[in-house]
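> Coordinates for the following, if possible.
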Amino acid sequence: MDTIGDMLTRIRNALLVKKPEVKVPYSKVNLKIAEILKKEGFINDYSQPDKKEIIIILKYIKNKPAIMHIKRISKLSRRIYIKKKEIKPVLQGLGIAIISTSQGIMTDKEARKKKIGGEILCEVW
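All right, here's what the predicted structure looks like:
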């Protein structure tokens, strides 16, 4: 089962009905994605009350979601890898791509700065 895809779908669905928070299954990758989304200002906060789930507090600006688009790029059936020279800014720098690299999961900006490529997990703007 694709836990990343499940997480992104739950966030997308919760934003559509304007829920204040969403619960997603726990995994180290999901926790790191939630950490990146908080650091980049796409969500208000996240917590991990136990090893089963992560609670994500969604962010709204003037009653509109901070996340306008969240899309899974690399899937279980089709992995998408990118070289360091091929990493481009998402939406001219307004969005982020979350990339799994040999040095951990990071944003496209961090990967360009460290000059490493990897698997593109998702794009957010």
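> any idea whether the residue nearest the centre of the chain is helix, strand or coil?
Note on the chain: the residue nearest the mean C-alpha position is I33, at 4.6 Å, using C-alpha atoms, centre = their mean. Assigned by DSSP: H, G, I helix; E, B strand; the rest coil, the conformation of I33 is helix.
> wait, doesn't it sit right on L121?
Yes: using C-beta atoms under 8 Å, I33 is in contact with L121, at 7.2 Å. (Glycine included, C-beta is placed from N, CA and C.)
> before we move on, back to that, report the contact partners of the residue nearest to the centre of the chain.
Contacts for I33 (C-beta atoms under 8 Å, 6 or more residues apart in numbering) come out as 4, 7, 98, 105, 121-122.
> and the residue lying closest to R79 once chain neighbours are set aside, how many neighbours does it have?
What sits nearest to R79 in space, not counting adjacent residues and going by C-beta to C-beta, 6 or more residues apart in numbering, is E119, at 6.0 Å. Per other C-beta atoms under 10 Å, the neighbour tally for E119 reads 15.
> Count the residues that sit near the closest residue to K114 other than its chain neighbours.
Distances taken as C-beta to C-beta, 6+ apart put Q103 closest to K114, at 6.6 Å, once the chain neighbours are dropped. By other C-beta under 10 Å, the residues close to Q103 number 11.
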